[in-house]
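S.K.: 3D, please:
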Amino acid sequence: MIRTFLPAGLAVLLALASPGTGYGQETKVKPLIGDLFTADPSAHVFNNKIYIYPSHDIEANVPQDDEGGHFNMRDYHVYSMDNIGGKVTDHGVVLDLKDIPWAGRQLWAPDAAFKNGTYYLYFPAKDKEDVFRIGVATSKSPAGPFKAEPKPIPGSYSIDPAAFTDTDGQTYMYFGGIWGGQLQRWHSGKYDKALSTDLGKGHDKEPALSAKVAKMSDDMRTFAEAPRDVQILDEHGKPLLGGDHDRRFFEGAWMHKFNGKYYFSYSTGDTHLLCYAESASPYGPFTYKGVIMKPVTGWTTHHSIVEFKGKWYIFYHDSEISGKTHLRNVKVRELVRGADGAIAPIVP
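M.R.: Numbering: from 1, shown residues only. This next block holds a predicted model:
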């Protein structure tokens, strides 16, 4: 089913950040989608439209815990927009848990990519043994529906896949999330179920857990190499430490390129910030630069950044409509940069 509607309060949909009005100040932004709960929006420009690939939050009546069991999503919708602030089209359910042969539960934050006439939907799900893997589904349309591959990507694990295609056409996948995202359980190179959250206070003075990055094969269904660490350094060139909760990576990786620089952005998780770091290479190392967005209403923070018609936008979520951390709503606003590319911090 396809539905087209105007976001609530369209006249005030975008309180766009600009010098003197939104830079470091609080501004009101209305949800894009009001009839379903959506979160973790991955936005891409395909065929001169913005397509949004979010999670679909539901009330699963699962108690809240640090493992994220209450985020028990079961399908994906795709949304499209011709213009920021215009109509939002819901293309309906494009992939359902029951149609993924290897998956057991929890369809978390997805992303998408395009190559050689095929659109790829990347998604994390727990397998039959309750271990997060990353799957791939394909379609000839950016709006789906998508057909899942029978098995997850070999060598994949954890959550939050983010597919970045560089200007030379090469695609890289960034992924990982600690606590319920299970990244810490792969710290030794093998899955250790005993590591239920992060590595603990005994590791606070050690380099923080890193997101992972892997170059994608030409078939876009497999990694072309073993995943590498995405290292984030401080202003002195030293790795961020595990105890640096205001700056270290937690989940929600995203990559974009601006003026030849690679911008790795991510959520700090339990301190609820969106931060970014820069590098001259898609592999890093990345130097920490600052905060993109202060905490939103609700526990989680997850975003995407995309250029559209000469402007840059950030898509994100909060829990304005429901007031519940697991029932979220997607929003969008303009991203403001300085002449040097530095991103102006946002107070949502």
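S.K.: going forward, measure contacts between C-alpha atoms and count neighbours the same way
M.R.: Will do.
S.K.: Count residues in the vicinity of the nearest residue to Gly242 once chain neighbours are set aside, would you?
M.R.: Sequence neighbours aside, Ala208 is the residue nearest to Gly242 in space, at 3.8 Å (criterion: C-alpha to C-alpha, 6 or more residues apart in numbering). Other residues near Ala208 number 23, with proximity taken as other C-alpha atoms under 10 Å.
S.K.: got it, and the one 3 residues further on?
M.R.: Neighbouring residues of Ala211 were enumerated by other C-alpha under 10 Å; the total is 26.
S.K.: same thing with Gly237?
M.R.: 12.
S.K.: Return the set of buried residues in stretch 121-141.
M.R.: For stretch 121-141, burial by neighbour count (16 or more other C-alpha atoms under 10 Å) applies to 121-127, 131-139.
S.K.: If you could redo that for stretch 216-234, that was the one I meant.
M.R.: Within stretch 216-234, the residues scored as buried using 16+ other C-alpha under 10 Å are Met216, Met220, Arg221, Thr222, Phe223, Pro227, Val230, Gln231, Ile232, Leu233, Asp234.
S.K.: try stretch 44-53
M.R.: Under 16+ other C-alpha under 10 Å, the buried positions of stretch 44-53 are His44, Val45, Lys49, Ile50, Tyr51, Ile52, Tyr53.
S.K.: okay, among those, which ones form the most distant pair?
M.R.: Lys49 and Tyr53 (12.9 Å; C-alpha to C-alpha).
S.K.: wait, what's in contact with Lys311?
M.R.: By C-alpha atoms under 8 Å, 6 or more residues apart in numbering, the contact list for Lys311 reads Glu334, Leu335.
S.K.: which one is Val88 nearest to, not counting chain neighbours?
M.R.: With C-alpha to C-alpha, 6+ apart as the criterion, Val88 has its nearest non-adjacent residue at 5.1 Å, and that residue is Met81.
S.K.: any idea how far Tyr53 is from that neighbour?
M.R.: 12 Å (C-alpha to C-alpha, to the nearest Å).
S.K.: between the two, what contacts are shared?
M.R.: Between them, Met81 and Tyr53 share no contacting residue under C-alpha under 8 Å, 6+ apart.
S.K.: And the strands in the stretch 1-150 of the chain?
M.R.: Remark: strands assigned in the stretch 1-150 of the chain by DSSP state E, counting those that start in this stretch are 3-5, 37-46, 49-57, 75-81, 88-96, 103-105, 111-115, 118-127, 132-139, 147-148.
S.K.: Isn't Asp198 up against Gly177?
M.R.: No - the criterion here is C-alpha atoms under 8 Å, and Asp198 misses it with Gly177 at 9.8 Å.
S.K.: The two - which one has more neighbours?
M.R.: Neighbour totals were compared for Asp198 and Gly177, and Gly177 leads with 28 against 21 (other C-alpha under 10 Å).
S.K.: Output the below-cut-off pLDDT ranges for this structure.
M.R.: In the predicted model of the chain, residues 1-27 satisfy pLDDT under 70.
S.K.: contacting residues for the residue sitting nearest the centre point of it?
M.R.: Closest residue to the average C-alpha location of the chain: Gly252 at 4.3 Å, with C-alpha atoms, centre = their mean. Gly252 sits next to Asp160, Phe175, Gly176, Gly177, Ser265, Tyr266, Ser267, Thr301, His302, His303 when contact means C-alpha under 8 Å, 6+ apart.
S.K.: ends of stretch 161-170, how far apart?
M.R.: 16 Å.
S.K.: Report the buried residues of that stretch.
M.R.: Those would be Pro161, Ala162, Ala163, Phe164, Thr165, for stretch 161-170 by 16+ other C-alpha under 10 Å.
S.K.: before we move on, what about stretch 113-120?
M.R.: For stretch 113-120, burial by neighbour count (16+ other C-alpha under 10 Å) applies to Ala113, Phe114, Tyr119, Tyr120.
S.K.: Mind picking the one among the residues you listed that's closest to Ala344?
M.R.: The closest of the buried residues of stretch 113-120 to Ala344 turns out to be Ala113 (C-alpha to C-alpha; 27.4 Å).
S.K.: Can you name the residues bridging to that closest one?
M.R.: Beta-bridge partners recorded for Ala113 (DSSP bridges): Tyr120.
S.K.: what residues are up against it?
M.R.: Tyr119, Tyr120, Leu121, Ala163, Phe164, Thr165.
S.K.: repeat for Asp234
M.R.: By C-alpha under 8 Å, 6+ apart, the contact list for Asp234 reads Leu240, Thr287, Tyr288.
S.K.: tell me the secondary structure for Gln184?
M.R.: helix (DSSP: H, G, I helix; E, B strand; the rest coil).
S.K.: And for it, the neighbour number?
M.R.: 26.
S.K.: how much space is there between it and Gly104?
M.R.: Distance, Gln184 to Gly104, using C-alpha to C-alpha: 21 Å.
S.K.: Please apply the same query to Asp96.
M.R.: 12 Å.
S.K.: and if you look at Ile292?
M.R.: Going from Ile292 to Gly104 by C-alpha to C-alpha gives 35 Å.
S.K.: Look at those two and report which has more neighbours.
M.R.: Shown here are Ile292 and Gly104; by other C-alpha under 10 Å, Ile292 has more neighbours (22 against 18).
S.K.: nearest residue to that one other than its sequence neighbours?
M.R.: Distances taken as C-alpha to C-alpha, 6+ apart put Pro345 closest to Ile292, at 4.6 Å, once the chain neighbours are dropped.
S.K.: my guess is the one you found contacts Lys294, does it?
M.R.: Yes - counting by C-alpha under 8 Å, Pro345 does reach Lys294; the two are 7.4 Å apart.
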